[in-house]
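>>> Structure for this input, please:
(4 chains)
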4 protein chains.
Amino acid sequence: MAVRAAVAGASGYAGGELLRLLLGHPGVEIGALTGNSNAGQRLGTLQPQLLPLADRILEPTTPEVLAGQGRRHDVVFLALPHGQSAAVAERLGPDVLVVDMGADFRLKDAGDWERFYGSPHAGTWPYGLPELPGARAALEGSKRVAVPGCYPTAVTLSLFPAYAAGLAEPEAVIVAASGTSGAGKAAKPHLLGSEVMGSMSPYGVGGLHRHTPEMIQNLGAVAGEPVTVSFTPTLAPMPRGILATCTAKAKPGVTAESVRAAYEKAFADEPFVHLLPEGQWPATASVYGSNAVQVQVAYDAAAGRIIAIGAIDNLAKGTAGGAVQSMNIALGLDETTGLTTIGVAP
Amino acid sequence: MAVRAAVAGASGYAGGELLRLLLGHPGVEIGALTGNSNAGQRLGTLQPQLLPLADRILEPTTPEVLAGQGRRHDVVFLALPHGQSAAVAERLGPDVLVVDMGADFRLKDAGDWERFYGSPHAGTWPYGLPELPGARAALEGSKRVAVPGCYPTAVTLSLFPAYAAGLAEPEAVIVAASGTSGAGKAAKPHLLGSEVMGSMSPYGVGGLHRHTPEMIQNLGAVAGEPVTVSFTPTLAPMPRGILATCTAKAKPGVTAESVRAAYEKAFADEPFVHLLPEGQWPATASVYGSNAVQVQVAYDAAAGRIIAIGAIDNLAKGTAGGAVQSMNIALGLDETTGLTTIGVAP
Amino acid sequence: MAVRAAVAGASGYAGGELLRLLLGHPGVEIGALTGNSNAGQRLGTLQPQLLPLADRILEPTTPEVLAGQGRRHDVVFLALPHGQSAAVAERLGPDVLVVDMGADFRLKDAGDWERFYGSPHAGTWPYGLPELPGARAALEGSKRVAVPGCYPTAVTLSLFPAYAAGLAEPEAVIVAASGTSGAGKAAKPHLLGSEVMGSMSPYGVGGLHRHTPEMIQNLGAVAGEPVTVSFTPTLAPMPRGILATCTAKAKPGVTAESVRAAYEKAFADEPFVHLLPEGQWPATASVYGSNAVQVQVAYDAAAGRIIAIGAIDNLAKGTAGGAVQSMNIALGLDETTGLTTIGVAP
Amino acid sequence: MAVRAAVAGASGYAGGELLRLLLGHPGVEIGALTGNSNAGQRLGTLQPQLLPLADRILEPTTPEVLAGQGRRHDVVFLALPHGQSAAVAERLGPDVLVVDMGADFRLKDAGDWERFYGSPHAGTWPYGLPELPGARAALEGSKRVAVPGCYPTAVTLSLFPAYAAGLAEPEAVIVAASGTSGAGKAAKPHLLGSEVMGSMSPYGVGGLHRHTPEMIQNLGAVAGEPVTVSFTPTLAPMPRGILATCTAKAKPGVTAESVRAAYEKAFADEPFVHLLPEGQWPATASVYGSNAVQVQVAYDAAAGRIIAIGAIDNLAKGTAGGAVQSMNIALGLDETTGLTTIGVAP
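Numbering: from 1, shown residues only, chains lettered A, B, ... in the order given. Next up, the predicted model:
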């Protein structure tokens, strides 16, 4: 019997991508769709690409609507502004699977949360990056899932094998380019097409981006020691995609062969993370609309550094696809159900 | 039991999109993949978005390979340069379904073919635009299918209801914008990213584009009288999509209501062609990667013209999706199998 | 001695482009810069491309500021929302050259104005399209100039020679693609980069766009008879540029030669409008940042239509460059001062 | 009296941009224009944005043509494939200013040249990056100039103040995004618009890019000690622009204030390099078509790194603008003649 799923924040980019994936998921039936300022509107106006749902009307984002109002929701996806998930989740009961696509339950350290988000820490839920060591076990059967941020997904998956194998010094330097959908659908002048087309620009430079502590948490856990992260995000003139260039100084004795072997081992059984053949480098276009992560790694002997580069679709594997993948695990479904490794290109 | 399909021209954009769709088609198993200059290469190098086929090696495009070499192909898709399909098709036998994604068998008039293509006319096959009156009956059980051109798909579906209902004078004026993938994967200087980004430009102006006689054929058949077509294609800075703006002078007595009624009637039972609610206009982003056609129509009383605008994905509904749709009909499968109306947006 | 110029609306796209041109104009000194919601801000924050003016502070848009507050402004450019220019212009006195980049004084017919803009008609000023027959004489020495709309600039210059030579029937069908800067800098969801990149979409279809009556006015004046215009604007994924595809049924006896001769004659002495050699078609990239208009024309004998296609930079020749060109004429300067026909490409 | 300049390689992107700048240079008259495969063609076909030169015919690239054939060239710009400049330069005589926009004379170390270019080293000319300590003196009066690479221009100008002030450890980590024009006009499949639009991808990863030794040379000279460089270039979906994110570990005792002070001092008298106000970050759109470099710098105390980010136009300051700037110095003209700090935006 199909699982019935509600989506809070159905009018945004993350919500729209999630609905696209859920429409193709054989085990999911779509329940209530909610929005805030857009409640009462046809989804066809807000998400014109979702023709099968065009006549659905957005309901307000309230615990009652999300609880199902007499008709059960088995899963509730929350794509809400940060700080709003806890209050909703509390009202949904312990038997409902709540998948939070926001930041609220990602961080373990309350101080990190407060420093970067400026509000009280709501708690920590099992972290929805199944490829991390130990993550699948924590997700199986869980009723709460914190979906990772898009940058941390790309960065962690690109770099963790180097730390897992003890090859990298604990000082990572990361520069990532993201498509504009990562900044959401709220109309801001610097996100206008006129501004972003033909332009690359950085933001949140110098450790200010909120995804930084999440990367530090992930890489440090794998490394078994604290890892510093210099993270510079840049806005690229494309709607989707993240290309993460992740480098770290190699520990003594590292060779190109030992680096490649570590990556082959880390991704050998992964359905979505794919180490490209030597000489082929990832491009975001290749993972457009897919849940795949394409990774390549090099060892620069002259500079003494490991350079790992990963490409994801920020809305798919980086948000909604990652959410579905973790939902599958939490519900005991095949992890790949409703997801694809095939990109829409060119 | 799954149908086994070969694809000739698997390294190009049409071939790549076809493979993307066939990988998601529950009734198809992928057989031989062929190329010309790329024979012997890994598909993963040429189509990095198709991870499940990354290790497949392209074979040369010969009748023997396409015939299956002892192991039967039930369907052969031809994505070849024009003029090459007939020789291959002859060798494939009458029981194999041959779906030609090239132009060779689209035109009924040998003189039109010779004038626009400069070679002898190979013949005419059932025309793979199921939405046209009478088209489905001709496709059912057929072993030969001519897939329409991308522009004629967008234009015909946008404009035929006006002619079917007798509302439009037989002089159509059409301006269409296409993404660059419509020009194929051959490296030509004017198709470089540096040239096309930030630029709109026309080509084939004044009736020179080879898709013009196909539009004339389609619209004239529906109108029951000869229709002239002024067609101006333009190249737009995007990888995919066609936006076709199609106008014709209205016949006397036409009203906004009669125009809308004609379109509602024409598309009422169509699974892929969707008349948008009044006031909403199509955008190519909304059909990215999907087989949907989004259409809107207006009557400009001051100018006395009907303006019908349609958006398609040139590689999907405009080529590979149309091919799969017609294959489904020819094989007696549900017409929508393996196809979606959901776009990948933004 | 340099002319001193004020710019009202200096924070928008038209204002920014105007300042770029005025900074390179040897006869102009830049006076007050004003804005509304942005008054008090550094120009460097709002227009980071204008380094020489980075430390200028925007003043509020008031008649006092624009009048010069004791220090004279010889020219005042108004880049204001429609309906606001008249009140300001009245206060500036008859000796100040007022160049209105808005719509307020373009239309001659008060009914047209009221129908399309919904407010009382403010009047009609000499029309700043010098290439139109008689326009230069009206501009010389004038103290008031109405700068044409961007679409009417592209369309009129592309199509008027056909009407001036009596070659075209009075029913024009026009489809134009515009870069997103034509929609201004106000943050609206449908203008987000995520929405416009990779997408073409129409708007104002069916005669609803406010530039339609301006085209009718221009073409009718040249034709000497009323001309209907079916105008469909589309939004293209590029920051700048208009490509206008303009067609009209040819009158009896028209030939390819007579069409070309008419265009050669019309543009022979024009410094900015350039008829391309036969076989070469315009591209918006070629006029990026320049005041040039690149035009090509064809006669489609089969369809019986003239197709004239023009490319401009909507912000340059389509707005700010046209304003400077008319200012030059009004002030008795060389018409080309401070303007270029050289585009920034690729 | 105007200097007469020839341009070898006038059909490419660097040559076209150089001609755009020379057309606006008051002290330069344009002499012979040469090409190889394009000799005999109209420039208007190859560079349609350069209307004033549209009827010029490309001559073959020979020493005779470049020498002026009886009519003197005072300056010869070489935009040739690497390895071809030396043979041409030898034939031009010691009194002609030869400005090499290729790589041939940039590197001091013959071993570096041979390792990265695989041919014998031709020599070393004065290096055309006037902002580097000591560079102007070497350029004044010189008859030979080696124009820097585009990436080294962006990277060196962004990072050298940190080394000049002794603030950074000698291990730089650099990730830069370039527009596609940096890859030139030769038609290659991976540079097609269909491939690059909507996609970010790296190349030359792991120290393989030929601009790496040039950066090492520049930064090492400023630092006074060997500097290793981990350089990752990426291809961005835009025609022009480089955004260089340059980081280095800070030496002990470094503070945000000391970093900012070093940058303010380094750029205080520079006409083209501009340190943005705190909080404002560069965007490539802001320097489109201009010779400006917009730089911002931050100190990330948590990661202990300095992050300097610079934006240039790769064809302007990164190639042709840099060439003109150095020509001005070599000829004793004002360094800024014919150059602008004003970008074309949006």
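>>> So residue A:163 sits against residue A:221, correct?
No: between residue A:163 and residue A:221 there is no contact under CB atoms under 8 Å: 9.0 Å. C-beta here means a position set from N, CA and C on the backbone, and glycine is covered the same way.
>>> More neighbours: those two, which one.
Higher neighbour count among residue A:163 and residue A:221: residue A:163, with 25 against 18, using other CB atoms under 10 Å in any protein chain shown.
>>> excluding its backbone neighbours, what's nearest that one?
residue A:223 (4.0 Å; CB to CB, 6 or more residues apart in numbering or on different chains).
>>> Which positions in chain A make contact with chain B?
Proximity of chain A to chain B (CB under 8 Å from any CB of the partner chain) is limited to residues A:13, A:16, A:20, A:23-24, A:42, A:44-45, A:47-52, A:181, A:197-198, A:239-240, A:274, A:276-277, A:280, A:283, A:285-290, A:292, A:294, A:340-346.
>>> which stretches of chain A form strands?
For chain A, the strands defined by DSSP state E cover A:3-8, A:28-35, A:59-60, A:75-78, A:97-100, A:144-146, A:168-178, A:201-202, A:228-235, A:242-250, A:273-275, A:293-300, A:305-312.
>>> In a markdown table, list these along with mean pLDDT, mean neighbour count and distance to residue D:78.
Output for these, formatted as a markdown table (pLDDT from 0 to 100; neighbours: other CB atoms under 10 Å in any protein chain shown; distance: least, CB to CB, whole Å):
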| stretch | mean pLDDT | mean neighbour count | distance to residue D:78 |
| --- | --- | --- | --- |
| strand A:3-8 | 97 | 24 | 60 |
| strand A:28-35 | 97 | 22 | 60 |
| strand A:59-60 | 97 | 17 | 67 |
| strand A:75-78 | 98 | 27 | 60 |
| strand A:97-100 | 98 | 26 | 59 |
| strand A:144-146 | 98 | 24 | 58 |
| strand A:168-178 | 98 | 26 | 33 |
| strand A:201-202 | 98 | 24 | 33 |
| strand A:228-235 | 98 | 25 | 34 |
| strand A:242-250 | 98 | 28 | 33 |
| strand A:273-275 | 98 | 23 | 43 |
| strand A:293-300 | 98 | 25 | 32 |
| strand A:305-312 | 98 | 29 | 34 |
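>>> Any chance of JSON lines for those, columns distance to chain C?
JSON lines is the format used below for the strands of chain A (distance: least, CB to the nearest CB, whole Å):
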{"stretch": "strand A:3-8", "distance to chain C": "19"}
{"stretch": "strand A:28-35", "distance to chain C": "13"}
{"stretch": "strand A:59-60", "distance to chain C": "20"}
{"stretch": "strand A:75-78", "distance to chain C": "20"}
{"stretch": "strand A:97-100", "distance to chain C": "23"}
{"stretch": "strand A:144-146", "distance to chain C": "25"}
{"stretch": "strand A:168-178", "distance to chain C": "11"}
{"stretch": "strand A:201-202", "distance to chain C": "10"}
{"stretch": "strand A:228-235", "distance to chain C": "9"}
{"stretch": "strand A:242-250", "distance to chain C": "14"}
{"stretch": "strand A:273-275", "distance to chain C": "25"}
{"stretch": "strand A:293-300", "distance to chain C": "20"}
{"stretch": "strand A:305-312", "distance to chain C": "17"}
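>>> which stretch among those comes nearest residue B:255?
For the strands of chain A, the distance to residue B:255 is smallest for strand A:28-35, at 36.6 Å, taking CB to CB.
>>> Hey, what's the angle from that closest one to strand A:3-8? Just curious.
Counting by axes from the mean of the first three to the mean of the last three CA atoms, to 10 degrees, strand A:28-35 lies at 20 degrees to strand A:3-8.
>>> Show me what strand A:28-35 is packed against.
Judged by 3 or more CB pairs under 8 Å, 6 or more residues apart in numbering or on different chains; DSSP states H and E, the packing partners of strand A:28-35 are strand A:3-8, helix A:13-23, strand A:59-60, helix A:63-67.
>>> 10 Å instead, please
With contacts taken as 3 or more CB pairs under 10 Å, 6 or more residues apart in numbering or on different chains; DSSP states H and E, strand A:28-35 sits against strand A:3-8, helix A:13-23, helix A:43-46, strand A:59-60, helix A:63-67, strand A:75-78, helix A:321-331.
>>> Worst mean pLDDT among the ones you listed?
Sorting the helices and strands packed on strand A:28-35 by mean pLDDT places helix A:63-67 lowest, at a mean of 92.
>>> rewinding a little: please enumerate the shared neighbours of residue A:163 and residue A:221.
Common contact partners of residue A:163 and residue A:221 (CB atoms under 10 Å, 6 or more residues apart in numbering or on different chains): A:156, A:227.
>>> wait, residue A:317 sits on residue A:157?
Yes: under the criterion of CB atoms under 10 Å, residue A:317 makes contact with residue A:157 at 8.5 Å.
>>> So the two - more neighbours on which side?
Neighbour totals were compared for residue A:317 and residue A:157, and residue A:317 leads with 31 against 27 (other CB under 10 Å).
>>> In space, what's closest to that one - neighbours in sequence excluded?
Ranked by CB to CB, 6+ apart and with sequence neighbours excluded, the top spatial neighbour of residue A:317 is residue A:291, at 4.7 Å.
>>> right, so of the helices and strands packed on strand A:28-35, which gets closest to chain D?
helix A:13-23 (15.3 Å; CB to the nearest CB).
>>> how much does the closest one deviate in direction from strand A:28-35?
Following the same axes, to 10 degrees, one obtains 160 degrees for the angle between helix A:13-23 and strand A:28-35.
>>> quick one, helix A:13-23 and helix A:321-331 angle?
Relative orientation of helix A:13-23 versus helix A:321-331 (the same axes, to 10 degrees): 50 degrees.
>>> Run through the residues that contact residue A:198.
Going by CB under 10 Å, 6+ apart, residue A:198 touches A:237, B:197-198, C:238-240, D:179, D:236-241, D:283-285, D:288, D:344-346.
>>> Tell me the spacing between it and residue D:334.
Distance of residue A:198 to residue D:334, given as CB to CB, to the nearest Å: 30 Å.
>>> cool, and residue A:308?
Residue A:308 is 48 Å from residue D:334, by CB to CB.
>>> Name the nearest residue to residue A:89, ignoring sequence neighbours.
Nearest non-adjacent residue to residue A:89 (CB to CB, 6+ apart): residue A:98, at 4.9 Å.
>>> Go ahead and confirm residue A:312 touches residue A:154.
Yes: assessed by CB under 10 Å, residue A:312 is found in contact with residue A:154 at 4.8 Å.
>>> Find residues that contact each of the two.
Common neighbours of residue A:312 and residue A:154 (CB under 10 Å, 6+ apart) are A:178, A:241-244, A:284, A:293, A:295, A:318.
>>> Same list (the residues you listed) but as a markdown table, adding distance to residue A:135.
Converted to a markdown table, the shared contacts of residue A:312 and residue A:154 look like this (distance: CB to CB, whole Å):
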| residue | distance to residue A:135 |
| --- | --- |
| A:178 | 23 |
| A:241 | 24 |
| A:242 | 20 |
| A:243 | 24 |
| A:244 | 19 |
| A:284 | 24 |
| A:293 | 14 |
| A:295 | 17 |
| A:318 | 16 |
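>>> from the residues you listed, which single one is nearest residue A:74?
Using CB to CB, residue A:318 comes nearest to residue A:74 of the shared contacts of residue A:312 and residue A:154, at 24.5 Å.
>>> Report the buried residues of stretch A:316-328.
Neighbour counts using 16 or more other CB atoms under 10 Å in any protein chain shown place A:316-328 of stretch A:316-328 among the buried residues.
>>> Check stretch A:186-196 too.
Residues A:191-196 are the ones in stretch A:186-196 that count as buried (16+ other CB under 10 Å).
>>> again, but for stretch A:67-74
By 16+ other CB under 10 Å, the buried positions in stretch A:67-74 come out as A:67-68, A:73-74.
>>> which outside residues touch that stretch?
Against stretch A:67-74 from outside (CB under 10 Å, 6+ apart): A:1-7, A:28-29, A:31-32, A:59, A:62, A:64-66, A:76, A:88, A:91-93, A:95-98, A:327, A:331.
>>> Please save the CA atoms from that stretch in PDB.
Taking C-alpha atoms only, stretch A:67-74 is exported to PDB below (Å, rounded to 0.1, in the frame of the first residue of the first chain):
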ATOM      1  CA  ALA A  67      -1.300  15.800  10.300                       C
ATOM      2  CA  GLY A  68      -3.800  14.900   7.700                       C
ATOM      3  CA  GLN A  69      -7.000  16.100   9.200                       C
ATOM      4  CA  GLY A  70      -8.500  12.700   9.800                       C
ATOM      5  CA  ARG A  71      -6.800  11.100   6.900                       C
ATOM      6  CA  ARG A  72      -3.400  10.000   7.900                       C
ATOM      7  CA  HIS A  73      -0.100  11.200   6.400                       C
ATOM      8  CA  ASP A  74       2.600   8.600   6.800                       C
END
